[in-house]
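A.B. asks: Quick one: sequence plus predicted model below, questions after.
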Amino acid sequence: MNNGDKIFAMLSEILEQDFEIDAEDITYSANLYEDLDLDSIDAVDLVVKLREQTGKKIEPNDFKQVRTVQDVIDAVEKLMTEDA
């Protein structure tokens with residue numbers, strides 16, 4: 001399992017448990033706002049949850065361009081490799 005898969009699994013768990021999103025709706029190409037029905041407050045909450053899970057300081061500005069589940073994975077992966 002590569003880092004992207006691990007991050008997807010972690011993200012899926014957060015979206016299912018904290019945002020009550022059905023597992024089958026969570027795909028790499030799912031749009032956070034249109035497909036998963038998150039709003040801007042949910043996005044901030046998601047950043048907080050990711051920070052708790054990864055232990056990395058995540059700046060909200062780093063997530064301004066994030067639109068899909070894959071975008072979140074890429075952003076988290078980038079943060080993980082920057083500090084490695």
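C.D. replies: Happy to help now that I have it.
A.B. asks: Using the three-state scheme, assign Arg29.
C.D. replies: That one is not Arg; residue 29 is Ser. Here Ser29 is coil, with the state taken from DSSP: H, G, I helix; E, B strand; the rest coil.
A.B. asks: Look up how far Lys64 lies from it.
C.D. replies: Noted for Ser29: a distance of 20 Å to Lys64, by Cβ to Cβ, to the nearest Å. Every residue, glycine included, has its C-beta placed from N, CA and C.
A.B. asks: Can you show me the helices along the chain?
C.D. replies: 3-19, 40-54, 69-82 (DSSP state H).
A.B. asks: can you tell which of those helices is closest to Tyr33?
C.D. replies: With Cβ to Cβ as the measure, helix 40-54 is the member of the helices of the chain nearest Tyr33 (8.0 Å).
A.B. asks: coming back round to it: can the helices of the chain go into TSV with extra columns for mean pLDDT?
C.D. replies: Rendered in TSV, the data for these read as follows (pLDDT from 0 to 100):
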stretch	mean pLDDT
helix 3-19	95
helix 40-54	90
helix 69-82	89
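A.B. asks: now those as a markdown table including mean neighbour count and distance to Pro60?
C.D. replies: Below are these laid out as a markdown table (neighbours: other Cβ atoms under 10 Å; distance: least, Cβ to Cβ, whole Å):
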| stretch | mean neighbour count | distance to Pro60 |
| --- | --- | --- |
| helix 3-19 | 15 | 16 |
| helix 40-54 | 15 | 6 |
| helix 69-82 | 16 | 11 |
